[in-house]
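Enquirer: following is a predicted model, sequence given first.
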Amino acid sequence: MSDEPVARKAMRRAERGVRDDASRLVAAVPALMKEAQRRRTTGGEGSPSLVELATSALPKLAAATAVVVIAATWIVVSERRGAAAAATATPASLESVIVGSGSEGTGDVVFDAVLAAGRNDG
């Protein structure tokens, strides 16, 4: 082969007005198509690309995320219902807290601290 690239040779021929014979290219098209088909069918056996991995992994990750969000929502809602039920089961009035009977606290951290400080004084 010569040192000149094929494209440069073709361009020089085109400048001179010489028409290239494309009959060999036309005759090679069926063989090229068969080779492309063979590579396409055997190409899946290699390692998958990042796009193929993402295409197969994203639906699975989306489903797993949905399950986790539903489970977390269920846990939060059930804990809030349990806390609300516990709070309504033993209501604390201001008088019961001051007298000291009933529940241990009001549920308000600051108010409980003030009452505890008052109880310790005396």
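Expert: Yep, it's here. Numbering: from 1, shown residues only.
Enquirer: going forward, measure contacts between C-alpha atoms and count neighbours the same way
Expert: Fine.
Enquirer: okay, now the domains of this structure?
Expert: 1-46, 48-89, 91-122 (automatic domain parsing).
Enquirer: which one of the ones you listed has the lowest average pLDDT?
Expert: Taking each of these in turn, the one with the lowest mean pLDDT is domain 91-122, at a mean of 65.
Enquirer: for the strand or helix carrying Glu15, output the C-alpha coordinates as CSV.
Expert: Counting by DSSP states H and E, the element that carries Glu15 is helix 6-16. Extracted as CSV, the C-alpha positions of helix 6-16 are listed here (Å, rounded to 0.1, in the frame of the first residue of the first chain):
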residue,chain,number,x,y,z
VAL,A,6,-7.2,6.4,1.0
ALA,A,7,-9.4,9.5,1.4
ARG,A,8,-6.6,11.8,0.1
LYS,A,9,-6.2,9.5,-2.9
ALA,A,10,-9.9,9.6,-3.6
MET,A,11,-10.0,13.3,-3.3
ARG,A,12,-7.1,13.8,-5.8
ARG,A,13,-8.8,11.5,-8.3
ALA,A,14,-12.1,13.5,-7.9
GLU,A,15,-10.2,16.7,-8.6
ARG,A,16,-8.9,15.3,-11.8
